[in-house]
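[1] Okay, sequence plus prediction incoming.
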2 protein chains.
Amino acid sequence: MKGDVLGEFEEIILLIVGVLGQDAYGLGIRDELEKQTGRSAAIGAVHATLNRLQEKGYVESGMTEGTQERGGRRKRVFQMTGLGKKALIESKDVRVNLWSQLPDLNVGKI
Amino acid sequence: MKGDVLGEFEEIILLIVGVLGQDAYGLGIRDELEKQTGRSAAIGAVHATLNRLQEKGYVESGMTEGTQERGGRRKRVFQMTGLGKKALIESKDVRVNLWSQLPDLNVGKI
DNA sequence: TCTTTTACTCTCTTTTGTAGAACAAATAAC
DNA sequence: GTTATTTGTTCTACAAAAGAGAGTAAAAGA
């Protein structure tokens, strides 16, 4: 790809990072992905995608302190950057524009 | 990929096939892609994607008769199938749902 | 028939998508 | 206090999609 284009899975993961806000970390993202889209993914797939998003500058990450729950390890939490948000908006604009030219898709019922 | 998921570029190309209607063929799709999204693509990339979409059952194709214009060769024209439309709608629903949870993206101004 | 224009097909490389094993750290259980 | 269990991330591979461009083909004009 040209470098700035968001892949399909990258876009979904980036959206979920945004939706989760504070608690966007690997396993949580995978669970939310399944909950929101009904689509399951191996944990490795999620982390690989997060790493790629970070390389592109669309997310940032940092480690949290461990919690008190069973097995509560430190988490690597992710956060969307301005660049990431911009990429999402661009992607969205292109789609909305195309959908509006295809009445069959029922755009407008959003 | 799992097989039924539309890749990012595949989705755009499929949308453009829908938008173009009768005149959806390789070079025309490439031109419309550039016009609608500002994104250029090599002709080989477009055809490779159309072939994949056809293998997945999202488009069908057939050859036209040649026209009278200079160099007017026969074209391979594409048409979206019901399955293709269904895939687009599913993809759209997932995105619209996620966007609605991210107020920052200004969903609603569609 | 030679050139130009319009098109598609074929081949190759890079980037994304996907899976899962390996590893690490914290708590629970005995 | 050692061992098992739970919660996490990293590492390694491979398949599929994205992308580029050379090659080929057919029609029309000169």
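    It's in. Numbers count the residues shown, from 1 in each chain, chains lettered A, B, ... in the order given.

[2] Which stretches in chain A count as strands?
    Counting by DSSP state E, one finds strands in chain A at the ranges A:59-63, A:76-80.

[3] Out of those strands, which is the most enclosed?
    Highest mean neighbour count among the strands of chain A (mean count of other C-beta atoms under 10 Å in any protein chain shown): strand A:76-80, with a mean of 20. (C-beta placed from N, C-alpha, C; glycine too.)

[4] For that one, list the C-alpha coordinates in CSV.
    Taking only C-alpha atoms (Å, rounded to 0.1, in the frame of the first residue of the first chain), the coordinates of strand A:76-80 have been written out as CSV:
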residue,chain,number,x,y,z
ARG,A,76,0.1,-2.1,27.3
VAL,A,77,-2.7,0.4,26.7
PHE,A,78,-3.2,2.2,23.3
GLN,A,79,-4.6,5.5,22.5
MET,A,80,-5.5,7.0,19.1
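
[5] Could you confirm whether it reaches DNA strand C?
    No: contact between strand A:76-80 and DNA strand C is absent, the nearest approach being 12.1 Å (criterion: C-beta under 7 Å from any atom of the strand).

[6] So which residues make contact with that strand?
    With contacts defined as C-beta atoms under 8 Å, 6 or more residues apart in numbering or on different chains, strand A:76-80 is touched by A:14, A:17-18, A:22-26, A:29, A:50, A:53-54, A:58-64, A:88.

[7] Please check those and keep the buried ones.
    A:14, A:17-18, A:24-26, A:29, A:50, A:53-54, A:58-59, A:61, A:88 (16 or more other C-beta atoms under 10 Å in any protein chain shown).

[8] Would you mind listing what in chain A touches chain B?
    Residues of chain A lying close to chain B by C-beta under 8 Å from any C-beta of the partner chain are A:2, A:5-8, A:11-12, A:15-16, A:18-19, A:36-37, A:39, A:85, A:88-89, A:92, A:94-102, A:104-108, A:110.

[9] Save the strands of chain A as TSV, and put in mean pLDDT too.
    Converted to TSV, these look like this (pLDDT from 0 to 100):
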stretch	mean pLDDT
strand A:59-63	94
strand A:76-80	95
